[in-house]
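Chemist: quick one: sequence and predicted model below, then my questions.
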Amino acid sequence: MYCGSYQTDIPEAVYSASKAALIALTRNDAIDYSEHKIRINCVCPGLIDTPMTAAMGDDPKAMEWVVNSTPLGRMGIAEEIADVCVFLSSSKASWIQGQSIVADGGIVLL
């Protein structure tokens, strides 16, 4: 898959299909476990500064792609995704069920 000049070993179709499968599984599990008062949601992160994306930091063209393709102009950090998970686990999210929460710096807006 190409992200600007950055290439991964995972074919884009396989990556996309696996993401879609997780969203579908979230919805199905939310239905199945609702009767037990168990909430099921998922978080869909954008580009996050992790060991998986570390090579991009060494590639100026890849980092330029991140800045230009993300309205917030940067990669996210793991703590930002953790914050979403903490919220979803809290009583403040007690009416959220079967949702896919996108935390991507606005990439889906483009």
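Modeler: Received, thanks.
Chemist: and P60, how far from V67?
Modeler: The gap separating P60 from V67 is 10 Å, by CB to CB, to the nearest Å. Placement of C-beta: from N, CA and C, glycine included.
Chemist: ok, and the closest non-adjacent residue to the residue nearest the centre of the chain?
Modeler: By CA atoms, centre = their mean, the chain has its centre lying nearest to P45, at 1.6 Å. Of all residues not flanking P45 in the chain, I81 sits nearest, at 4.9 Å (CB to CB, 6 or more residues apart in numbering).
Chemist: correct me if wrong: that neighbour contacts V43.
Modeler: Yes - in this structure, I81 is within contact of V43 by CB atoms under 8 Å, at 6.1 Å.
Chemist: what is in contact with these two at once?
Modeler: Here I81 and V43 have A103 as joint contacts, going by CB atoms under 8 Å, 6 or more residues apart in numbering.
Chemist: circling back to that earlier point, spit out the residues that contact P60 and V67 alike.
Modeler: By CB under 8 Å, 6+ apart, no residue touches both P60 and V67.
Chemist: pLDDT of stretch 91-100, averaged?
Modeler: For stretch 91-100, mean pLDDT rounds to 98.
Chemist: buried ones in it?
Modeler: Within stretch 91-100, the residues that count as buried by 16 or more other CB atoms under 10 Å are A93, Q97, G98, Q99.
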